[in-house]
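Colleague: For reference, the sequence and a predicted model appear below.
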Amino acid sequence: MIITLLSIMSIILLTMGIMLCVKQTIFLSLITENAQNKAFLRSFGVVFIVLGILCFFIGLLNQLEWAITFLCIMLVISGIFSFLLAKKMQ
């Protein structure tokens, strides 16, 4: 069960990271388009890609403690991204 859920989470994180790195126009329609915002989106895209790869390997470990620790870290990073993106949208 853990493997399945973390595999789905890995696919979502990788997709989100690739969209942030490559398809920035989706997010730049929400915020002003400048070099600082492009770097912001690209850096969080790389972070989400790394989290997606890490999620895949943690799923292979199939240990509940590692999965819960990863989910906590992922939620904190996602919350930081959401907060900073909302701040840039004002």
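Modeller: That came through, no problem.

Colleague: Beyond the host helix or strand of G45, next helix or strand please.
Modeller: When elements are defined using DSSP states H and E, G45 is found to belong to helix 35-61. Using DSSP H and E, the next helix or strand after helix 35-61 towards the C-terminus is helix 64-89.

Colleague: So for that following helix, what gets flagged as buried?
Modeller: For helix 64-89, burial by neighbour count (16 or more other CB atoms under 10 Å) applies to A67, F70, M74, I77, S78, F81, L85. (Each C-beta comes from the backbone N, C-alpha and C, glycine too.)

Colleague: Can you tell me which of these has the lowest confidence score?
Modeller: Among the buried residues of helix 64-89, L85 has the lowest pLDDT, at 87.

Colleague: you'd agree that residue is up against F27?
Modeller: Yes. With contact defined as CB atoms under 8 Å, L85 and F27 form a contacting pair (7.5 Å).

Colleague: what's around the residue nearest to K38 when sequence neighbours are not counted, how many residues?
Modeller: Taking CB to CB, 6 or more residues apart in numbering, and ignoring the residues beside it in sequence, K38 has Q24 as its nearest neighbour in space, at 6.1 Å. Neighbouring residues of Q24 were enumerated by other CB atoms under 10 Å; the total is 17.

Colleague: contacting residues for Q24?
Modeller: With contacts defined as CB atoms under 8 Å, 6 or more residues apart in numbering, Q24 is in contact with K38, L41, R42.

Colleague: same thing with M1?
Modeller: M1 is in contact with no residue at all, counting by CB under 8 Å, 6+ apart.

Colleague: Could you report the pLDDT at it?
Modeller: Confidence at M1, expressed as pLDDT, is 79.

Colleague: what separates it from L64, distance-wise?
Modeller: M1 sits at a distance of 10 Å from L64 (criterion: CB to CB, to the nearest Å).

Colleague: And S7, by the same measure?
Modeller: Here S7 is placed at a distance of 16 Å from L64 (CB to CB).

Colleague: Please tell me how far the residue nearest to K38 sits from E65.
Modeller: From Q24 to E65 the distance is 36 Å (CB to CB).
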